[in-house]
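*Asks:* any chance you can model this:
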Amino acid sequence: MINPLPHMIGRRAFVGGMSASMVISEWADKETARKFWNSPEYTEAKKLRHGVADCQVLLIESPKIND
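*Replies:* Next up is the predicted model:
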């Protein structure tokens with residue numbers, strides 16, 4: 001697994017079966033998430049799934065539920 005910017009990654013949950021999966025990431029704020037998404041390191045990692053995976057990405061703001 002590629003972990004290009006470990007200092008930017010918050011909590012993650014992986015959910016899925018044989019043909020589908022979901023990753024939920026928690027970020028300090030939208031700007032941090034966008035900085036990670038647009039970083040040169042993650043841009044390279046995104047190329048690995050091109051033509052191999054069908055991905056959707058959602059950035060959703062919500063109040064903090066728990067610590």
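
*Asks:* how close does residue 35 get to residue 46?
*Replies:* Look at residue 35 and residue 46: by CB to CB, to the nearest Å, they are 14 Å apart. Every residue, glycine included, has its C-beta placed from N, CA and C.

*Asks:* ditto for residue 27
*Replies:* With CB to CB as the criterion, residue 27 and residue 46 are 17 Å apart.

*Asks:* looking at those two, which is more packed in?
*Replies:* The neighbour comparison of residue 27 against residue 46 (other CB atoms under 10 Å) goes to residue 27, with 18 against 13.

*Asks:* phi first, then psi, for the residue most central in space within the chain.
*Replies:* The centre of the chain sits closest to residue 25, judged by CA atoms, centre = their mean, with a distance of 5.6 Å. Torsion angles at residue 25 (phi, psi; degrees, to the nearest 10) stand at phi -120, psi 140.

*Asks:* mind checking pLDDT for it?
*Replies:* Per-residue pLDDT puts residue 25 at 85.

*Asks:* show me where the protein has strands.
*Replies:* Under the criterion DSSP state E, the chain contains strands at 12-16, 21-25.

*Asks:* which stretch in those strands has the least confidence?
*Replies:* Minimum mean pLDDT among those: strand 12-16, a mean of 54.

*Asks:* mind listing the helices for this structure?
*Replies:* Assigned by DSSP state H, the helices in the chain fall at 30-37, 40-47.

*Asks:* give me the angle between the first one and helix 40-47.
*Replies:* Per axes from the mean of the first three to the mean of the last three CA atoms, to 10 degrees, the angle that helix 30-37 makes with helix 40-47 is 60 degrees.

*Asks:* same question for helix 30-37, mean pLDDT?
*Replies:* In this model, helix 30-37 has a mean pLDDT of 92.

*Asks:* now that helix against strand 21-25, angle please.
*Replies:* Calculated by the same axes, to 10 degrees, helix 30-37 forms an angle of 130 degrees with strand 21-25.
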